[in-house]
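K.L.:
Here's a sequence, model it:
(one chain, ligands or ions: 2)
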Amino acid sequence: MSERREAGGEYLLEARGIVKKFGDFAANDRITLRLRPGQIHALLGENGAGKSTLVKIMYGALQPTAGSLHWCGQRVAIANPADARRLGIAMVFQHFSLFEALTVVENIALAMRGAFDPGALGERIARVSREYGLPLEPTALVADLSVGERQRIEIVRCLLQEPKLLIMDEPTAVLTPQEADQLFVTLRRLADDGCAVLYISHRLEEVKQLCHDATILRHGEVVAEVDPQVETAASLARLMVGADVHEVNTAGHVKGGEPLLTVAGAGAVRGGAAQRVPGGARRRGGGNRRGGRQRPVGVVRGPVRRTSRGAGRGDHRRPALRHPRRDRTTAARSRIRTGGAARP
Ligand SMILES: Nc1ncnc2c1ncn2[C@@H]1O[C@H](COP(=O)(O)OP(=O)(O)O)[C@@H](O)[C@H]1O
Ligand SMILES: [Mg+2]
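P.N.:
Ligands and ions are numbered 1, 2, ... in the order given. Below is the predicted model of the structure:
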């Protein structure tokens, strides 16, 4: 452990020997993790390593089978998220819990205790979002917002609690690179203000860029505590997986040729009605249910070849495209159909 990490004084939150069993299966196995004020601490591990289980325990959303939590050196029982929030722990979950039909301010108000003045709350939201570089329009309807904007609501909701510890479970999985960069600015600002951040991510380069410490889990156990600044992405990946991770480089094998996929006529439409477009294809689902926001739609034409094992796609068939920045509901609304394969 480096000197820098030895120094730094009192722990804000310490998890000691946390065990969480689901039946006979130990999702967390004697995990010890220590978080310091003003530090961004990465929690790394493959899918299923036990990261989300551990942070849910820290936030009181799950109870440990064994082990203890210590807040500023005092043993604490965090029976539920309200207990966690009272201590100063806030969490942005992997999956948001927002009401699409409500506005930003209404969604945030739902998380507030006691009575509140909507005007004053709107002003607080605007101020916090400005201070931390998280632009948000308090009166906007959630249904009209992008995934990145929705995440900002969750973060601002946390910041209004003036947390001492902010837990983020894979926050950049849904963000564009620009949105991720903006998030890093916010997190650094929070850490500079003395807030501890526990940061779960699979993106090792961004962990190196952002985090002061890293704890690595494998099969529910801590396998290493490292300084991400002195590690490489490859060495972090090796610790996560327990073996060398080879880069897949297909550059030498890829031959040029006919395009596999062509997107034609991409644009934005209002309203959700199916529309005829040149070439006999149909496009559907532009706009959201309220028809108030423009969403890009387009026509995808084949030929589309086999895309993955077991997913043979003949020419002019509908490819299984997933938009990485949209949730399933939105993706479902904007199905992309290939030319000539339109179904009613
Ligand atoms: N409620 C649950 N019931 C049973 N098994 C669970 C439950 N939650 C998580 N698990 C299992 O615990 C392991 C760790 O899960 P999780 O903490 O979500 O991992 P990670 O976030 O690192 O991907 C996984 O094998 C998962 O299937
Ligand atoms: Mg997880």
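
K.L.:
how close does Thr139 sit to Glu100?
P.N.:
According to CB to CB, to the nearest Å, Thr139 stands 15 Å off from Glu100. Bear in mind the C-beta positions are built from the backbone N, C-alpha and C, glycine included.

K.L.:
okay, the two: which has more neighbours?
P.N.:
Taking Thr139 and Glu100 together and counting by other CB atoms under 10 Å, Glu100 has the greater number of neighbours (16 against 11).

K.L.:
Can you verify that one is assigned to a helix?
P.N.:
No: remark: Glu100 does not belong to a helix; assigned using DSSP: H, G, I helix; E, B strand; the rest coil, it is coil.

K.L.:
State the pLDDT value of the closest residue to it other than its chain neighbours.
P.N.:
In space, Glu100 comes closest to Ala143 once its chain neighbours are excluded; the distance is 4.1 Å by CB to CB, 6 or more residues apart in numbering. Note for Ala143: predicted pLDDT of 95.

K.L.:
Mind checking what secondary structure Ala143 has?
P.N.:
Following three-state DSSP, we place Ala143 in the helix state.

K.L.:
That one: how many residues sit nearby?
P.N.:
Using other CB under 10 Å as the criterion, Ala143 is surrounded by 19 other residues.

K.L.:
got any ranges where this structure has weak pLDDT?
P.N.:
For the chain, the stretches with pLDDT under 70 are 1-9, 244-255, 267-344.

K.L.:
returning to that earlier point: could you check how far the residue nearest to Glu100 is from Leu102?
P.N.:
From Ala143 across to Leu102, the span is 9 Å (CB to CB).

K.L.:
Could you do Met240 as well?
P.N.:
39 Å.

K.L.:
between those two, which one's more packed in?
P.N.:
Set side by side, Met240 and Leu102 give different neighbour counts by other CB under 10 Å, the larger being at Met240 (20 against 15).

K.L.:
Tell me if I'm right that the more buried one and Ala49 touch.
P.N.:
Yes: the pair Met240 / Ala49 is scored as a contact, 7.4 Å apart, by CB atoms under 8 Å.

K.L.:
Now for those two: what residues contact both?
P.N.:
Here Met240 and Ala49 share the contacting residues Arg218, scored by CB atoms under 8 Å, 6 or more residues apart in numbering.

K.L.:
which residues of the chain fall in helices?
P.N.:
Chain-ordered helices for the chain, with DSSP state H as the definition, fall at 3-6, 51-58, 81-87, 104-110, 118-131, 147-159, 177-192, 204-210, 233-241, 328-333.

K.L.:
any idea which of those helices is most buried?
P.N.:
With neighbours defined by mean count of other CB atoms under 10 Å, none of the helices of the chain is more surrounded on average than helix 51-58, at a mean of 23.

K.L.:
okay if I get the helices of the chain as JSON lines plus distance to Asn28?
P.N.:
Written out in JSON lines, the entries for the helices of the chain read as follows (distance: least, CB to CB, whole Å):
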{"stretch": "helix 3-6", "distance to Asn28": "22"}
{"stretch": "helix 51-58", "distance to Asn28": "5"}
{"stretch": "helix 81-87", "distance to Asn28": "17"}
{"stretch": "helix 104-110", "distance to Asn28": "30"}
{"stretch": "helix 118-131", "distance to Asn28": "33"}
{"stretch": "helix 147-159", "distance to Asn28": "23"}
{"stretch": "helix 177-192", "distance to Asn28": "25"}
{"stretch": "helix 204-210", "distance to Asn28": "21"}
{"stretch": "helix 233-241", "distance to Asn28": "16"}
{"stretch": "helix 328-333", "distance to Asn28": "29"}
